[in-house]
Each structure stands twice: as C-alpha cells, then as structure tokens.
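[1] following is a predicted model, sequence given first.
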Amino acid sequence: MQPDTVILEMSNPELQRDVLDAEYALKAAEANYANLRVQVDSDLMSQKANEANVRRRTTSRRTCSTTSDEKLYKEGIASVNTKNLSKVREDQLAIRLQLESERNQDLARLRKIAAVGQPVAGGPGQSNVRIAHEPVAVATRACRNHGVLQLVPIEEGQNVAIGTNVARVG
C-alpha cells in the first residue's frame, strides 16, 4: 500500500444533512437578496416615473393654465378666485414635486443600503456552509506510510464511535 492510498471513507448522514441544510439556507438567502434588489430597483424606477409625471404636470401648469388665468384676469374675463386657484394648484404641484423628489432620494439611499446591507457571498450563510463541510471533509482516511493492510475490523454501514480503530497497516 502506498502513502495517501485511501483505506476507507466514513460518512455521517446527520453531517451530510447539515451540509445540505446550510447550502439550501445560503441559496434561499441569495434568492431573497436578489428579490430585494429587484424590488428596490422596481420601486425606484416607479418613483422616478412618478417624479417625471409630476414635473411634466408642474411645467405644463406653469406655462399654460397659470399664464392664461392671469391673462384672463387682466382682461377682466376671469375672477380673482380663478387666478388664485390657479396659483394654489401650481403651488400644490411644486410641493408634490418636492415630495416626489425626496422619495426618489430615499429610494436611491435604500438601494445603496440593500446593495451593501446583505452581503451573501462571504457572509454568514457562506460561513455556515464552510463550517458544515469541515467535518464531512475529515471523513476520509488514508494510509500514511508504505505497508500492507492487515486488518479492517469494521463493516460497511457499521456505526463507529470516536476513537475506534478502523484499520491496521503493517
């Protein structure tokens, strides 16, 4: 028998289940993270569209309605109330535009937080998988020296306690 020849491989179904559980948990965390990024990006795009719509309405109101209402008032066709109402609507749209812009900035900050706030690769999920793999990786036993395999006192499928002699190489 040559050095590094594998004599036996031991397995522990509980450890293998732990590895699978950790891998599935990592995949679920990755999927949740991807879903969060898509959701935040979608919300940000919707918010940008809302802001653009309010901006368009504000510009349209300023250039059309307010100007024409003031002109009609000066000519004596429209009342002071119509002129004032037009100005109030313009002010309301300006306030709404400011709010939409602030929401846009909040979502942009949330997007940055989501990008760095949930590091999946190299994070706790990755560590759990690595830790779960460690005992499984130690389960292969190889011969350390040249020699002849003399005894394997265990059988396939047998439960073995820690410290049990599993092979003798002479």
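    In hand now; what should we look at?

[2] so for stretch 154-170, first residue to last residue, what's the gap.
    Taking CA to CA, to the nearest Å, the first and last residues of stretch 154-170 lie 17 Å apart.

[3] quick check: buried residues in it?
    For stretch 154-170, the neighbour count (16 or more other CB atoms under 10 Å) marks residue 169 as buried. No exception for glycine: its C-beta is placed from N, CA and C like everyone else's.

[4] average pLDDT for that stretch?
    Averaged over stretch 154-170, pLDDT sits at 75.

[5] again, but for stretch 12-20
    On average, stretch 12-20 scores 81.

[6] just list what the lengthiest helix in the chain packs against, helices and strands only.
    Ranked by residue count and defined by DSSP state H, the top helix of the chain is helix 13-60. Judged by 3 or more CB pairs under 8 Å, 6 or more residues apart in numbering; DSSP states H and E, helix 13-60 is in contact with helix 80-117, helix 124-137.

[7] how far away is the residue nearest to the spatial centre of the chain from residue 22?
    The geometric centre of the chain, computed from its C-alpha atoms, lies nearest to residue 33 (CA atoms, centre = their mean), at 1.5 Å. Distance, residue 33 to residue 22, by CB to CB, to the nearest Å: 16 Å.

[8] from residue 40, how far off is residue 21?
    28 Å.

[9] outside of stretch 94-114 itself, list whatever touches it.
    36-37, 40-41, 43-44, 47-48, 50-51, 54-55, 58 (CB atoms under 8 Å, 6 or more residues apart in numbering).

[10] in that stretch, what's buried?
    96, 97, 100, 103, 104, 107.

[11] quick one, phi psi at the residue of the chain most remote from its centre?
    The C-alpha centroid of the chain is most remote from residue 76, which lies 61.6 Å away (CA atoms, centre = their mean). Residue 76 adopts backbone torsions of phi 80, psi 10, taken as degrees, to the nearest 10.
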